[in-house]
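> Build me a model from this:
(3 chains)
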Amino acid sequence: MPPTNEPQQTAGAIRIQPRRHLSDRSIQNLFIWPTLALLIAVNLFPLAYSLYFSFTNFLAVQNKPPGWVGFANFGTILNEPEMWHYFATTGRYALMSVGLQTIIGFGLAMLVRRKFFGSGLITTLILIPMMLSPAVVGMFWKMIYNPNFGFFNFIVGAGDAGKGVDMLASKWFGTSTPGLALFAVVIVDVWMWSPFVMLLVLSGLNAIPEYLYEAAAIDRASAWFQFRRITLPQVAPLLLIAVLFRTIEAFKAFDLIMPMTGGGPGDQTELIAVQLYRKAFLGTFQTGFSSALAYIILIIIVAASNVYIKYLNQIKGEA
Amino acid sequence: MARFEERGPRLPVAQATRVDKVHPRARTVRVLVALVSVVMALVMLLPVGVMVISAMKTRADVMSSPPKIFFKPTLEGLVLLLTDRAQLSEEDQTKMQALADQGKLGLFARIALSTGMEITGPSAYVTRLKNSVIIAGTSTVASVVLGLFAAYAFSRFAMRGKNDLLFFILSTRMLPAVVVTIPLFLMYRQLGLHDRHLGMIILYTVFNLSFSVWLLKGFIDEIPKEYEEAALVDGYTRMQAFFRIVLPQAVSGIAATVVFCLIFAWNEYAFALMLTSQRARTAPVGIATMMGRGGIEWSAIAAGAVGFLVPVVIITFALRKYLLRGITFGAIRG
Amino acid sequence: MATIELQKVEKKFAEAYAVKPLDLTIKDGEFVVLLGPSGCGKTTTLRMISGLETVTSGKILLNGKEVTWRHPSERDMAFVFQFYALYSHLSVRQNIAFPLQAQGVKNDEIERRVKEVVDILRIPHLLRARPGKLSGGDQQRVALARALVRKPAAFLMDEPLGALDAELRESMRAEIKNLHVAQHATTVYVTHDQIEAMAMGDRIVVMSKAEVQQVGTPIEVYYNPANLFVARFIGSPGMNLVKGQYAGGSVSLHGGNRYSVPPAWTSRLGSALGGAPDVILGFRPEAARVSPQGALNGEVYATDMYGGHTVLHVNINENEIVHIRSDRQSSYPMGTKVRFDIDPAMVRFFDPRTEQAVRGENPPSAAAEVS
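Next up is the predicted model:
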């Protein structure tokens, strides 16, 4: 019921607002500023702080004040072949992971798109891997990959302890196969995130009006023809969104890797975010150097995100 | 299949389908698809199943090779996870054995006797679990509440640079955690927020905030402005309109947002790793570093992993409607 | 050559009928309209003919051969959808060529037929365009072209003009009818718009609640509705239906009016009603004439001005309003008392218990001879 502490109005008179209410302006400020303030304090400020550090040689363990070194850190990073190697590893990881996720996710979506008995339940079940903590997932896949008692070796390898497959040590039936560990991590990532792609594709599939397929049926178009000419073009934008999103995430990958391999064996799974953590928080706490590295990663991600957001807006515009 | 074209299907069709979809070949394909889907779902869940089984194995069974499929289930993993133990002295063991022979020993005491260890109290993991609950819960509430207010303002009010502000908020989600942690680590150390619950709560709130503002704005955008405008004309204040009209209609959007924020905060690892040590450390970090007497305590880890995942699975099932809405909504509506 | 026959065709979902057993024969070259409100079963019937919907029981025959379970593409029928169903990523030319490509027709043949069809529909300038960029009317023309290019035995159209605005609908109506005549094509057309049905149909199948209410030419359906539903549904406004009691050669209406039943009816009305007095009197707005000596009276409630004519809403008692058409160019003030007569040739009667019309002695009189 409208408040009663109001003076009566006559027809045509301007309504007088009760004295105690807040104006739209103040509400706007009240609602937005706490959020903005927090974001600035916890995001913007540290970003700026980090930028400052990237130009210094600060080591967090020491008590020496930070000394200005200009672009030296950036130079070191961009010139060190080791760094490029880590970027390359991350790139390979992103490529394999996103590629497989897309294919499997798409396949899953095509399977469950037509409702059948239990399809809802199955969709929810497939959803579960995505909801789990990457760190915890990393931990238990470590168990599964264990060459002695792990399930993976049991199924893929001969089941013989030590003589079969040791994914995380890059040993395929005893032979050292570098890159196997990275692939092992890719498998886990794909396992976790194919459901995400599946969901996006599924929503795209459901949005295709049935009469397009009916018209195609009347025109005697083959199933492959229908897939190529109707399904694929309609789903393509969503697929692209999924690809962009997962690629950006691949560059940030840390939670999954750290518990599972810690970057090893050697540096086979040393993704760029892992390297960043190592330089910043382990060993000599090279704050300055790692800040510079963090910024380089940030620039890459921002550039990719821009593409992502621009593309999103384009889709929204057409929708 | 000329017979189908003449006689039609064996049983009369009572749903809405096309004629070609009732063809026996089409039906077989559908059955196959359903079967393959079931298989895929099982394959996807196999690792989870393995973990659940491992959580119920004894230390010895867990590490047996080849892995045992048939075993005697036990709560040992859980006990190892949740309790600190100390070696039972010889005399204590004899005393307990005597009691056992008289049949006067309780369940936990019997386990203690068989493993040679007695329980001295809850393990560090229990604290970690408690921390997870506190931090995840509080930060979710905070980020959803703040996000709701901000989302409403962004949705209903025109302001200069609104799109830029929104972009800024969205972009903070795109940051890799590590970029912000280095300076945060130093800042927190100075402010005394390092390894404190408040520090983590603030951090999680902020990181969930960008997502919750974005998601909630999308949901609020969908609520027609006409309802509030009618209320305003009737004499309600903007605040009253917000609480009585917008909020009730946004409940499903709020639920979706709560689910996501909760899951993110619950599962978070990187920040927890870098900004906590003993006091405020959360479970994911705890699980990854569970060391026992002979190295990594696998059954405890399995128990911990399963226990940690159970709430998420329950939430996923119970709120799947909201989850699905949130995911597709967030990804598509930008 | 295409005759379509439906024999006891029915569609059930669980225990509910979407289409009750229906018999219909569509002659070669005929334009048959399935007309009715939403949910009456007309679209389901059309879809069953095309194969987009399965029948629960019954037979569908094309030229005497059973096609009930044939693939939709093998029935030699083309389907035009309400929302055009054009492929947005293909050009108009590719859209039209699509069905021929799917059938494996040779390229030069495709070219020829596309050009032919595009000329008929007068859209050659649109060949390169994308459907999404076209107006509604043009999109529908493309959809028609795509149907036409197959040279099918029959055209099935599901509310093709439903998505267009009123003005466009009128011109497209004429275009479709012209196309039908030029192609001498059997057409089954679904619509909920009775004006459209009356304008285009050779015969109209009026449906409601899964059942056929009447099958007839527009004239038949208009002047001799088989039941209350058809009487109300056809015509805008629909037929006036007034409750009354029949006794001694006249019908007493609520509110004091008394209508003398014309001689042509007196002999059959009593027996048709089975001795019960309840009857419903029906007359179309144009069947009534305002006149100072009119036998019936009422009070003007509102006036609808159509420019060329006027429709009066007249209260004959507290609850019932009848519509009377008048050539008068100005409105009556509200509350004016008027008297009116009903043309005895155009009056109809209905049994309120069965909702069926009481059959008249002869088919409609002067009205039907108006050509």
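
> going forward, measure contacts and count neighbours with C-alpha atoms only.
Will do.

> List the buried residues of stretch A:233-247.
Under the neighbour-count criterion of 16 or more other C-alpha atoms under 10 Å in any protein chain shown, stretch A:233-247 has A:234-235, A:237-247 buried.

> Now tabulate those residues in CSV and tack on secondary structure.
Below are those laid out as CSV (DSSP: H, G, I helix; E, B strand; the rest coil):
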residue, secondary structure
A:Gln234, helix
A:Val235, helix
A:Pro237, helix
A:Leu238, helix
A:Leu239, helix
A:Leu240, helix
A:Ile241, helix
A:Ala242, helix
A:Val243, helix
A:Leu244, helix
A:Phe245, helix
A:Arg246, helix
A:Thr247, helix
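
> which among the residues you listed gets closest to C:Ala174?
Nearest to C:Ala174 among these, counting by C-alpha to C-alpha, is A:Gln234 at 34.7 Å.

> In a helix, C:Gln245, correct?
No. C:Gln245: not assigned to a helix; according to three-state DSSP it is strand.

> now, which of the buried residues of stretch A:233-247 sits nearest A:Val137?
Looking across the buried residues of stretch A:233-247 and measuring by C-alpha to C-alpha, the closest to A:Val137 is A:Arg246, at 17.6 Å.

> what's the nearest residue to C:Pro344 if we skip its chain neighbours?
With sequence-adjacent residues excluded and distances taken as C-alpha to C-alpha, 6 or more residues apart in numbering or on different chains, C:Pro344 is closest to C:Pro262, at 5.9 Å.

> From C:Glu355, how far off is the one you found?
21 Å (C-alpha to C-alpha, to the nearest Å).

> where along chain B do the strands fall?
B:83-87, B:117-122, B:291-292, B:295-296 (DSSP state E).

> Next: chain A.
A:165-166, A:171-172, A:175-176.

> so the residue nearest to C:Pro344 makes contact with C:Asp343?
No. Proximity of C:Pro262 to C:Asp343 does not meet the contact threshold set by C-alpha atoms under 8 Å, at 9.4 Å.

> picking that back up, least confident of the strands of chain B, on average?
The minimum mean pLDDT among the strands of chain B belongs to strand B:291-292 (a mean of 59).

> Just checking: what are the partner strands of the one helix or strand C:Gln7 maps to?
In the assignment (DSSP states H and E), C:Gln7 maps to strand C:4-13. Sheet pairing for strand C:4-13, assigned by DSSP bridges, gives strand C:16-26 (antiparallel), strand C:57-62 (antiparallel).

> before we move on, the earlier item: tell me which of the strands of chain A lies nearest to B:Cys261.
Of all the strands of chain A, strand A:165-166 comes closest under C-alpha to C-alpha, at 36.5 Å.

> Now the strand holding C:Gln7: buried residues?
Quick answer for strand C:4-13 (16+ other C-alpha under 10 Å): C:Ile4, C:Glu5, C:Leu6, C:Gln7, C:Lys8, C:Val9, C:Glu10, C:Lys11, C:Lys12.

> Let me have the residues you listed in CSV, extended by distance to A:Phe289.
Output for these, formatted as CSV (distance: C-alpha to C-alpha, whole Å):
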residue, distance to A:Phe289
C:Ile4, 82
C:Glu5, 83
C:Leu6, 82
C:Gln7, 84
C:Lys8, 83
C:Val9, 80
C:Glu10, 78
C:Lys11, 74
C:Lys12, 74
